[in-house]
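1. Everything below, folded, please.
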Amino acid sequence: MRHEPVTAYELIASLGPLLAAEAAAETLGTGAEPADLEQAVWLRLLERLAAGGPPTDPPDWLRRAVRTEARRARRTARRETAPAGDPADPGRHDPEGLVLAAARRRALRDAVRRLPGRCPRLLEALLSPRDPTYREIAGELGISQGSLGPERSRCLGCLRRLLTREVAAR
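-> Residues are numbered from 1 along each chain as shown. Sure thing, here's the model as predicted:
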């Protein structure tokens with residue numbers, strides 16, 4: 001049996017409900033509008049269709065595109081709302097701010113490496129810039145997806161206690 005290629009219209013029509021659900025879930029509690037996220041993803045899909053055809057796994061592509069666009073929207077919102085001169089502002093480009101931000105990242109990563117058990121690997125995966133899903137992290141660590149949440153909470157508690165002791169010691 002031979003499958004006919006899916007038209008762009010059929011692809012878009014079939015992905016509509018999934019995109020609506022993913023966008024709603026990704027923006028839940030953020031104050032962002034799901035429709036804005038949907039529009040950005042539709043634009044990316046249309047650009048992809050024009051450039052080289054449909055993705056090989058459209059649902060997976062769509063989920064990754066939603067996460068990418070949501071991260072982009074959150075970064076933009078942070079830059080637009082951060083008060084000028086705020087040291088937490090990731091858009092700050094003065095040398096002192098860059099050095100302090102790098103030192104904070106180094107201190108956090110050093111503390112994460114000192115955690116017990118699977119915590120270092122789990123938190124490194126959660127801090128990864130490639131933003132893996134829980135499913136990907138669970139597969140990477142060889143544990144069930146359902147145990148990731150409790151394990152993450154336990155590891156964050158350990159990290160909090162470690163950092164509290166270090167800050168108090170200073």
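2. so where's this protein uncertain?
-> 1-6, 79-93, 170 (pLDDT under 70).
3. how is it carved up into domains?
-> Following automatic domain parsing, the chain resolves into domains at 8-81, 95-169.
4. by contact count, what packs against the helix or strand where S153 lies?
-> Using DSSP states H and E, the element containing S153 is helix 148-169. Identification of packing neighbours for helix 148-169 by 3 or more CB pairs under 8 Å, 6 or more residues apart in numbering; DSSP states H and E yields helix 95-113, helix 119-127, helix 134-141. The way it works is simple: take the backbone N, C-alpha and C, and place the C-beta from them, glycine included.
5. Pull the contacting residues for the spatially most central residue of the chain.
-> Geometric centre of the chain, nearest residue: D131, 4.2 Å, by CA atoms, centre = their mean. D131 is in contact with R67, T68, R71, counting by CB atoms under 8 Å, 6 or more residues apart in numbering.
6. ok, so what distance separates the last one from R104?
-> Right, the one you point to is R71. 20 Å (CB to CB, to the nearest Å).
7. Equivalent analysis for the second one, please.
-> In this structure, T68 and R104 are separated by 25 Å, where distance is defined by CB to CB.
8. Repeat that for T76.
-> 22 Å.
9. Over to G16?
-> If you go by CB to CB, the gap between G16 and R104 works out to 42 Å.
10. Now a PyMOL select for only the buried ones of the contacts of D131.
-> Filtering the contacts of D131 down to the buried ones (16 or more other CB atoms under 10 Å) takes a single PyMOL command:
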select buried, resi 67
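11. Does anything pack onto the lengthiest helix in the chain? Which helices or strands?
-> Using DSSP state H, we find that the single longest helix of the chain is helix 58-81. On a contact count with 3+ CB pairs under 8 Å, 6+ apart, helix 58-81 meets helix 8-27, helix 34-52.
12. neighbours of L123, just the number please.
-> 22 (other CB atoms under 10 Å).
13. Same check on V66?
-> Residues near V66, counting by other CB under 10 Å: 24.
14. Need the nearest residue in space to it, chain neighbours excluded.
-> Among residues not flanking V66 along the chain, E22 sits closest, at 4.3 Å (CB to CB, 6 or more residues apart in numbering).
15. got it, and R154?
-> C119 (7.6 Å).
16. Next: A32.
-> Nearest one to A32, counting by CB to CB, 6+ apart, is A73 at 5.8 Å.
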